[in-house]
Each structure stands twice: as structure tokens, then as C-alpha cells.
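Colleague: predicted model and sequence below, questions to follow.
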Amino acid sequence: EVTANRCLSLLSVVLTRALDLEYIERNPCLGVKSYREPESRSRIFSDDEYNRWVKSLIRNIDHLHSKLLFLLTLVPLRFREVAAMQWSRIDLKNGTYFIPDNLSKNRRGRTIALNQSAIDLLTQMSCKRDLSVDWVFSANSESGHVVNIRVQFKKILKEAGITDFRIHDTRRSGASALLNDFDANPLKIMQILGHRSMQSTMVYARLSAKSMAETSDLLGQKFEEVANAWSAP
């Protein structure tokens, strides 16, 4: 449905231009009913799920794919941005990782800051790496790096007792945690996620019921302060 609607919109723009140039007499796209698009996915970790997920990851941390999932949990990046990590693009001293434009969805390279837990894991991996291989997650694949971690991912989910969860949901969960639990600056979250617009970022950064309740309570507190002051003798 989404793809069909985008194609219809693009075709309508082309035909509108043709209409302006008098190549055609009417735009046949006008009046064509668009499909009703499904709501965007909003699955994120609950607090309890997150705790079980992290514990399961730590128990299986010796597996290379668990390390990849560990980084995806620590930094809300896209799967391929982590799977195709190269040591030459990581600065462990300054704690940064440069994501080239060919890995970025919007074709814009960017440098992100790594948190200490991510730096610690990468430092441990760096000590044991093959210096002749630049891939952080090297594999016997055509690309030279890991491209499929579904088996290990399903194992971790099963051990953690988590269902209906996708790898990309770790990215959405991370963005939501930054917004809900730490009141992080949305502009900074947008930069980490690699989005061009705040609208895209807010789709990922879902407000939790707890966060919305806490925010609503602020108005209640303000009301009570005024009401109490007015009713006081």
C-alpha cells in the first residue's frame, strides 16, 4: 500500500508537468483513490523485556553475533551501519565512529559518539582482532562482513522470553529510551539516528505511557499549586 501510494504521487507530479506543457489534456491520476496505509510499527522493549534482553545478551556475549546485537542495543543505529563497521572508521581514543555515506540511508556520512559501554566492547574486540582484516564483524560472505544474524537473534529472544520483536526494533527502543528516560535533546537523537527531518525521528522515539503520565502530572501539579494558594486563608 505504501509503495503504491508513493508511485501514484510521483506519477501525478510527472503528469501535472505534462499537463502544464500541454502534452495531455488531463491528469489521469486525479481522482484515483489512495490505499489506506497501515500504521507504522511501534514495538519497543518494555522495562522488564529490556532487562531480560540484556541479561541474555551478556550470557551469550562470546558469540560474534551477540556482540553485534550488544552494539545495536547500546547505540540506535541501523543494522548495516553496525554490521559493516570497519576498524579504520572507529576512533577508540576519542570514542567516535564515522558512518560513510554508502551505509547511510539518506546518503549522508556522519560521525557519532560512542558511549563507554560500546567503547569497552570494541576495545576488547580490538585486542583480539586480525590486523589484516578491517571489518569489525568479519565473515565468510561476499561482502566480507556479517549480513545475517537471525539464528542468534532468535536464540537471544527465546532465552529472554520476548516475542514479536525484530532487529530494527532495538533501534526504535533506543531512540524511545533517550527521549522518555533521559529527556535527551530530540535534535541530538535525530543526528544519532541519521535522519534528515524531526518528523522521521519522532516516529522512532515513541512516547511511553509512563512518560506521558509524568508529563501530564506536571499540569496537575501546576493546577494544585494555584488552587492551594487560592484556597489558603
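Modeller: Nice, I can see it.
Colleague: any idea which helix or strand carries the spatially most central residue of the chain?
Modeller: In the chain, the centroid-proximal residue (C-alpha atoms, centre = their mean) is residue 171; its distance is 3.0 Å. Taking DSSP states H and E as the criterion, residue 171 maps to helix 168-180.
Colleague: where do the strands sit along this structure?
Modeller: 90-91, 96-99, 110-113 (DSSP state E).
Colleague: which of those strands sits closest to residue 194?
Modeller: Residue 194 lies closest to strand 110-113 among the strands of the chain, at 5.9 Å (C-beta to C-beta). All C-beta spots, glycine's among them, are computed from the backbone N, C-alpha and C.
Colleague: where along this protein do the helices fall?
Modeller: Assigned by DSSP state H, the chain shows helices spanning 2-20, 47-59, 64-74, 79-83, 116-127, 150-160, 168-180, 186-193, 198-204, 209-231.
Colleague: turn those helices into TSV, including distance to residue 33 and mean pLDDT.
Modeller: Output for the helices of the chain, formatted as TSV (distance: least, C-beta to C-beta, whole Å; pLDDT from 0 to 100):
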stretch	distance to residue 33	mean pLDDT
helix 2-20	9	91
helix 47-59	40	93
helix 64-74	39	95
helix 79-83	35	95
helix 116-127	47	95
helix 150-160	38	96
helix 168-180	30	86
helix 186-193	33	80
helix 198-204	25	72
helix 209-231	34	64
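Colleague: which of the strands of the chain is buried the deepest?
Modeller: Highest mean neighbour count of the strands of the chain: strand 96-99, a mean of 18 (counted as mean count of other C-beta atoms under 10 Å).
Colleague: returning to that earlier point: ok, the residue nearest to the centre of the chain touching residue 75?
Modeller: No. Between residue 171 and residue 75 there is no contact under C-beta atoms under 8 Å: 9.1 Å.
Colleague: who's the closest spatial neighbour of residue 32, skipping the chain neighbours?
Modeller: residue 8 (6.2 Å; C-beta to C-beta, 6 or more residues apart in numbering).
Colleague: give me the neighbour count for the residue nearest to residue 59 when sequence neighbours are not counted.
Modeller: Ranked by C-beta to C-beta, 6+ apart and with sequence neighbours excluded, the top spatial neighbour of residue 59 is residue 159, at 7.2 Å. Using other C-beta atoms under 10 Å, residue 159 has 15 other residues around it.
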